[in-house]
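Trainee: Quick check, what structure comes out for this input:
(2 chains)
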Amino acid sequence: MILILFKKELRETWRTWKLPIMLIVFVIFGIMNPLMAKLTPEILKMSNLAGKLSLPAPTSLDSWTQFYKNISQIGIYLFMMIFAGIVNHEVSQHTLVNLVTKGLSRNAVIWSKWLILLGQWLSLNSLSFLVTWGYTAFYFPDNHSPHPVLAFLPLLILGCFIAGVIVFASTITRSNYQSLLIEIFMMIVLYLINLFKQTVHYNPLSLMSKNLDFLQRQNSVADYWPAMLITVGLGLLLTFLASRIFAHQRL
Amino acid sequence: MKNAQVLLDNWPLLLPLLILELGLMIAAVIHVLRHPHYRFGNKVMWLIVVIVFEIIGPVIYFAFGRGKNE
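Mentor: Numbering: from 1, shown residues only, chains lettered A, B, ... in the order given. As a prediction, the model looks like this:
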């Protein structure tokens, strides 16, 4: 059942241009990262500061810094923006009424939406990662960033949480805007929790902010297993709550 | 002269970037023109938004501006 719905969601996200648009955007990010790393010293050189400060040559680390900055500061919000209406759009259009009265499980609707979001998060980020990785290996063949794949995996795990947040926010609200507001509110809460240093190993946010550590020191990833567990747990919990709420909703 | 050299050196990065950004913009422009019903705003406003704001403009259009009838 979920599989059939998943295919329906996949067709929908493709035909409403959402997936194609996001694919292009994430590839653009992928290309921009090494480009910004390469050009920043050039831009500084052209400015008046030339000669006054010595600029170190850019390394692969600069490129990865750009990657994680772009994903965590822009990419994630664009993703939320595009998919903010994933549940409430269908509710407001009454497209689910027929299917549900014919016996379609409401649980399956919610979980298939969570799955399609997770799937898109994984594929979009992986695509962006591969593009950046390719260019970075080509332009900066140094050994400053020895564990690119390991550093990237936590970002994929974060997808469980992001997809949960989007499904949950979209279920309890009536419009794109309200849903987006709630999603951003949840991110703000995470950032506020992040102000307390001792929570760093438990905060899902660490999975997209500590990646440069992981990139350079393999061992540090292991310290963050509580954050990974909490991230997956919260994602599943939010989706479960969404399915409970959705069960009693008027379609 | 030096600027041109920078462009030449980085063409493997700049060329695909340019093509993708143009592609995104053109896709959004075509959609704006073909679907003249928006949730808010009008055709001219959305054209300006998707053309002037690289990347963000088209995304905002597809997230918020696009009309209900697909």
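Trainee: what ranges do the helices span in chain A?
Mentor: A:2-15, A:18-46, A:60-70, A:76-83, A:88-93, A:97-101, A:106-139, A:148-172, A:176-194, A:206-209, A:211-216, A:225-247 (DSSP state H).
Trainee: so who does the residue of the stretch 51-200 of chain A found nearest chain B touch?
Mentor: Closest approach between the stretch 51-200 of chain A and chain B, counting by Cβ to the nearest Cβ: A:M81, at 4.5 Å. For the C-beta atoms, the positions are set from N, CA and C on the backbone; glycine is no exception. Applying Cβ atoms under 8 Å, 6 or more residues apart in numbering or on different chains to A:M81 gives the contacts A:180, B:59-60, B:63-64.
Trainee: try 10 Å this time
Mentor: For A:M81, the contact set (Cβ atoms under 10 Å, 6 or more residues apart in numbering or on different chains) comprises A:176, A:179-180, A:183-184, B:56, B:59-60, B:62-64.
Trainee: Of these, just say which sits nearest to B:I48.
Mentor: B:I60 (12.0 Å; Cβ to Cβ).
Trainee: CA atoms of the helix or strand harbouring the closest one as PDB?
Mentor: Assessed by DSSP states H and E, B:I60 sits inside helix B:56-60. Extracted as PDB, the C-alpha positions of helix B:56-60 are listed here (Å, rounded to 0.1, in the frame of the first residue of the first chain):
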ATOM      1  CA  ILE B  56      15.800  31.900  -4.800                       C
ATOM      2  CA  GLY B  57      13.300  33.600  -7.100                       C
ATOM      3  CA  PRO B  58      12.200  30.500  -9.000                       C
ATOM      4  CA  VAL B  59      12.000  28.500  -5.800                       C
ATOM      5  CA  ILE B  60       9.800  31.000  -4.100                       C
END
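Trainee: Could you check how far stretch A:225-235 is from the centre of its chain?
Mentor: 15 Å (Cα atoms, centre = their mean, to the nearest Å).
Trainee: Is B:L8 in contact with B:L15, as I believe?
Mentor: No - here B:L8 does not reach B:L15: they are 11.1 Å apart, not a contact under Cβ atoms under 10 Å.
Trainee: the more surrounded of those two?
Mentor: B:L15 (12 against 9; other Cβ atoms under 10 Å in any protein chain shown).
Trainee: residues contacting that one?
Mentor: By Cβ under 10 Å, 6+ apart, the neighbours of B:L15 are A:31, B:7.
Trainee: swap in A:F26?
Mentor: A:70-71, A:75, A:78-79, A:120, A:123-129, A:131 are the contacts of A:F26 under Cβ under 10 Å, 6+ apart.
Trainee: Could I get the phi/psi values of A:G85?
Mentor: Main-chain torsions, A:G85, degrees, to the nearest 10: phi -100, psi 20.
Trainee: need the helices for chain B, in chain order.
Mentor: Assigned by DSSP H, the helices in chain B fall at B:2-9, B:11-34, B:43-52, B:56-60.
Trainee: Next one, pLDDT for the nearest residue to B:E21 once chain neighbours are set aside please.
Mentor: Using Cβ to Cβ, 6 or more residues apart in numbering or on different chains and skipping the chain neighbours, the partner closest in space to B:E21 is B:E54 (5.6 Å). pLDDT for B:E54: 82.
Trainee: now the one 10 residues further on
Mentor: The predicted local distance difference test score for B:F64 is 84.
Trainee: got a list of what it touches?
Mentor: A:81-82, A:84-85, A:175-177, A:180, B:38-41.
Trainee: most centrally placed residue in chain B?
Mentor: A centroid search over chain B (Cα atoms, centre = their mean) returns B:M25, at 2.4 Å, as the residue closest to the centre.
Trainee: wait, that residue sits on B:E54?
Mentor: Yes - with contact defined as Cβ under 10 Å, B:M25 and B:E54 form a contacting pair (7.6 Å).
Trainee: what do those two both touch?
Mentor: With Cβ under 10 Å, 6+ apart, B:M25 and B:E54 have no common neighbours.
Trainee: on that earlier part again, now render the helices of chain B as a markdown table, adding distance to A:G164.
Mentor: Converted to a markdown table, the helices of chain B look like this (distance: least, Cβ to Cβ, whole Å):
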| stretch | distance to A:G164 |
| --- | --- |
| helix B:2-9 | 44 |
| helix B:11-34 | 28 |
| helix B:43-52 | 31 |
| helix B:56-60 | 22 |
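Trainee: hey, which of these is tucked in deepest?
Mentor: Most buried of the helices of chain B, by mean neighbour count (mean count of other Cβ atoms under 10 Å in any protein chain shown): helix B:56-60, with a mean of 21.
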